[in-house]
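Q: everything below, folded, please.
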Amino acid sequence: MARKNEQLPDVKFSSIAVLIDAENVDRQKIESILAKLGQLGTITTKRVYGDWSQEKLQTWKDVVSICALRTMHHFVHSKQKNTSDIALVIDAMDLLHTGIYDAFAIVSSDGDFSNLAVRIRNEDKVVIGVGQNKTNYNFVSICNIFINQDKLASSVDTANPMRLKNKVETLNSKMAEKDKTIKAQAAKMKEKNKAMSDLRKELSTVKKELRAATGGTKKLESQLAKLQKNNESLKKKVEVAKARLTAKTTKKFIDLLLNAISGEEIGENKYPLDIIGKKIREENPTFRPSDYGFPTLSKLLASTPGVKVTTEQNRVLFSMSNDLAKLN
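A: Reported below is the predicted structural model:
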């Protein structure tokens, strides 16, 4: 049998029974306590005792789930007697008599478990006590090993409903924003399709008018002039729309590019294409050069005003004009 309160860093117990008094332990320390006990050997039983109908124990729900604890429910029938403590002692005796456990961890700051610790040690089993600074010295001294839970870190409540709710709201917000962008793009495409449809209708009308222009050369010239005027007007509209779309698309790509080159300069105003391309895709997973009308990123860069693509020592680099670089 180990000496009183002796630390056993080299001992690995094959089977540890962990019995937790929910009334006398900080639930926020449970994950750290189990992790500490796990360093001593294999935990095969984890039970927590209390009157789970009491409101003050409702905060244990998340901890019980995360740590896979088996809850042992016992109603408190009298203020003078703690039925949960008695149930813990009875279960400890039952587990002791199975003979399969070589260590028992009693997680409580209640000194009333001293006699239980003595009984377990009499069977040549190791008793590991886990309690607060205020734990009765008699119980501490009887334990082979005592772990001060006040020295352990509190666990982060990863299953906090509010945190999960906030995470869901954040994801919903991002999805709504993405959906808004997709709808905006669809609306623009619809406008373009309508413009093309209107153009086809107008051309069809002009052709009909041309075919009907059989009233002489003067009338035919008038119809041709009108057709030319309409074609010029439509051409200008298409060019203006295309110029606006190109300018907007170019600005969007330059914003992505300026954000990606930060801290990646390998020479005077020189940047590696492979690294910058990787950063752009990591920060913008939906980015595709084809969306800008080019098959590769290098060709897209080469077409961007103020950007020059070169090759040095088998590595593709690019540089930017001073005016463009100043935007970074």
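
Q: for this structure, give me the ranges with low pLDDT.
A: Flagging of the chain using pLDDT under 70 yields the residue ranges 1-10, 75-81, 155-168, 213-217, 220, 237-238, 240-248, 325-328.

Q: which residue ranges form the strands in it?
A: Under the criterion DSSP state E, the chain contains strands at 13-21, 41-50, 70-73, 103-107, 126-131, 145-148, 271-272, 307-312, 315-320.

Q: may I have the strands that pair with the shortest one, each with its orientation?
A: The pairing partners recorded for strand 271-272 under DSSP bridges are strand 315-320 (antiparallel).

Q: what do you get for the fourth one?
A: Strand 103-107 has the following strand partners under DSSP bridges: strand 13-21 (parallel), strand 126-131 (parallel).

Q: and for the last one, what's in contact with it?
A: Contacts to strand 126-131, defined as CB atoms under 8 Å, 6 or more residues apart in numbering, come from residues 1-2, 8, 11, 13, 16, 24-25, 33, 36-37, 40, 102-110, 113, 117, 120-121, 135, 139-140, 142-149. Any C-beta I mention is one placed from the backbone N, CA and C, and that applies to glycine too.

Q: mind giving me the ChimeraX select for those, buried ones only?
A: In ChimeraX, this line selects whichever of the contacts of strand 126-131 come out buried by 16 or more other CB atoms under 10 Å:
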select :8,13,16,24,25,33,36,37,40,102,103,104,105,106,107,108,109,110,113,117,120,121,135,139,140,142,143,144,145,146,147,149
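
Q: just the helices in the stretch 101-250 of the chain please.
A: Ranges of helices in the stretch 101-250 of the chain, per DSSP state H, counting those that start in this stretch, are 114-122, 137-142, 161-212, 217-260.

Q: those into JSON lines, with extra columns for distance to residue 322?
A: Converted to JSON lines, these look like this (distance: least, CB to CB, whole Å):
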{"stretch": "helix 114-122", "distance to residue 322": "78"}
{"stretch": "helix 137-142", "distance to residue 322": "73"}
{"stretch": "helix 161-212", "distance to residue 322": "33"}
{"stretch": "helix 217-260", "distance to residue 322": "13"}
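
Q: and those helices: which comes nearest residue 52?
A: For residue 52, the closest of these is helix 161-212, at 18.7 Å, according to CB to CB.

Q: pretty sure residue 146 is touching residue 138, no?
A: No - counting by CB atoms under 8 Å, residue 146 does not reach residue 138; the two are 11.6 Å apart.

Q: closest to residue 185 out of the strands of the chain?
A: Once these are compared by CB to CB, strand 307-312 is nearest, at 25.3 Å.

Q: show me what counts as buried in that closest one.
A: For strand 307-312, the neighbour count (16+ other CB under 10 Å) marks 307, 309 as buried.
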